[in-house]
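J.: kindly generate the corresponding structure for this input.
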Amino acid sequence: MMNSLISSFIQFFLALQIPVFFTLFLFILFSFFWLPIFKFFKLIKYNNLQKVHEDETARLGGSLIYLFLILCFLFGLLDDFLIKSIIISSIPIVLVSFKEDLFHDTSPKIRLLSMILSCAIFFIFVDINFPSIEFPFLNNLFSEDYFNFIFYTFALIVLMNGMNLIDGLNGLFGFTALFQLLSLIFLSYSVNDFEMINVLFIPLIPLIIFLFFNFPSGKIFAGDFGAYLFGFINGILTIYFFGKHPYLMSWLAVLILFYPCYELLFSYIRKIRINISPLDADDQHLHTLFYRYLNDILKIKKSNSFATLLLAIFWLTPFLFTFILFNNVIIVILLIISLSVIYIMLYKYLKAKRGN
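T.: Coordinates of the predicted model:
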């Protein structure tokens, strides 16, 4: 199985030589020569409470990944309607988040509006089967189009913002997105959906290139563009895949996308409880607390990348258990609950260690 997938991936990779090498060149340019570019265009320094890296680093990884997709489109290398639809419908997100990555002056409400608009464009113009989640008392609601539209738009917005939330530590966003895609690839292989595998390879290639420059060195970050883009892409592909294969347990989709969604929902609930706007940024997220603990208290070198590896329990576990728990809904739900409990316990421990 593994050898077959690797062989297919290599063939797919070689077929995209021009976009791959052009994208690779741009990643090298913006990773190692960002400061001269930054000074030449007199860009505004990124200064956010969630920032854990000291040096001025390009937040253009997402822009370069999107450029890769556009190049594939222009060279006629994308013949799949689904991925074309995702690229086109994501334009509102693309325009708003690119501006934010360059100038850091876009309001949260405008960003939220762009996400809703992109979701609406996709769901209105692309006819897909929405998967039903096996949840008591809600099964009938999932048969209604309006409910699916609202529910899955909300789910995508949560995922996009959750992916953006974790784009701070080296590799954390990249590995999370990578293993979401790999989970879908292995599931596709298990049901002999090779058409879906080819679609999933398309965003996988530039993401791997991005990770070479993001982990462990942190030479470039995905930025809002990359986080929102991959939240949108991975979310749409997950919805499409489980809708296409309704016999698959939909709780697996919840498990695959668990970490960034839980990170965001936990953050929102936490802020509401202490009377802070959920839209206000702060540095009290699990991954930032983990980094501060390793860096400030334990004085561990390379604590940024090390924290990402220690958080693998959240971004790697769903991938490892996807196939073991293929058809056992009870164990999948128990695993989701267990990860939720581990998250809360770890968060409380790190908060206690910081004394706040």
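J.: in the stretch 251-356 of the chain, which spans are helices?
T.: For the stretch 251-356 of the chain, the helices defined by DSSP state H, counting those that start in this stretch cover 251-256, 258-273, 286-292, 303-310, 312-315, 317-321, 329-354.
J.: among the ones you listed, which comes closest to Ile65?
T.: Among those, helix 258-273 comes nearest to Ile65, with 17.0 Å by CB to CB. The C-beta positions use only the backbone N, C-alpha and C, and glycine is treated the same way.
J.: ok, now how distant is Arg292 from Phe13?
T.: With distances taken as CB to CB, to the nearest Å, Arg292 is found 38 Å from Phe13.
J.: oh, that last question was meant for Tyr291, not what I typed.
T.: Plainly put, Tyr291 is 33 Å away from Phe13 if you go by CB to CB.
J.: and those two? which has more neighbours close in?
T.: Tyr291 (28 against 14; other CB atoms under 10 Å).
J.: return the residues in contact with the more buried one.
T.: For Tyr291, the contact set (CB atoms under 8 Å, 6 or more residues apart in numbering) comprises 52, 168-169, 303-304, 307.
J.: and the residue lying closest to it once chain neighbours are set aside, what pLDDT?
T.: Counting by CB to CB, 6 or more residues apart in numbering, Tyr291 lies nearest to Ala307, which is 4.6 Å off, once chain neighbours are set aside. pLDDT for Ala307: 93.
J.: show me what contacts Ala307?
T.: 169, 172, 287, 290-291, 294 are the contacts of Ala307 under CB under 8 Å, 6+ apart.
J.: including distance to Val94, could the helices of the stretch 251-356 of the chain go into JSON lines?
T.: Listed next are these as JSON lines, based on distance: least, CB to CB, whole Å:
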{"stretch": "helix 251-256", "distance to Val94": "24"}
{"stretch": "helix 258-273", "distance to Val94": "19"}
{"stretch": "helix 286-292", "distance to Val94": "26"}
{"stretch": "helix 303-310", "distance to Val94": "26"}
{"stretch": "helix 312-315", "distance to Val94": "25"}
{"stretch": "helix 317-321", "distance to Val94": "28"}
{"stretch": "helix 329-354", "distance to Val94": "31"}
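J.: picking up where we left off before, greatest separation within the contacts of Ala307: which pair is it?
T.: The span of those, defined through CB to CB, is set by Leu172 and Leu294 at 13.3 Å.
J.: and the two? Which one has more around it.
T.: Ranked by neighbour count (other CB under 10 Å), Leu172 and Leu294 place Leu172 first, with 30 against 19.
J.: just to revisit the earlier point, as a markdown table, the contacts of Ala307 with pLDDT would be great.
T.: Listed next are the contacts of Ala307 as a markdown table, based on pLDDT from 0 to 100:
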| residue | pLDDT |
| --- | --- |
| Leu169 | 89 |
| Leu172 | 96 |
| His287 | 91 |
| Phe290 | 90 |
| Tyr291 | 91 |
| Leu294 | 90 |
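J.: just give me the closest of these to Ile185.
T.: So of these, ranked by how close each gets to Ile185 (CB to CB), first place is Leu172, at 20.6 Å.
J.: do I have it right that the closest one meets Ile166?
T.: Yes: between Leu172 and Ile166 there is a contact under CB atoms under 8 Å: 4.9 Å.
J.: ok, so of the contacts of Tyr291, who is nearest Leu64?
T.: Gly168 (18.7 Å).
J.: tell me where the stretch 101-250 of the chain is predicted with low confidence.
T.: Within the stretch 101-250 of the chain, the stretches with pLDDT under 70 are 134-139.
J.: and what of the stretch 251-356 of the chain?
T.: The stretch 251-356 of the chain contains residues with pLDDT under 70 at 325-326, 354-356.
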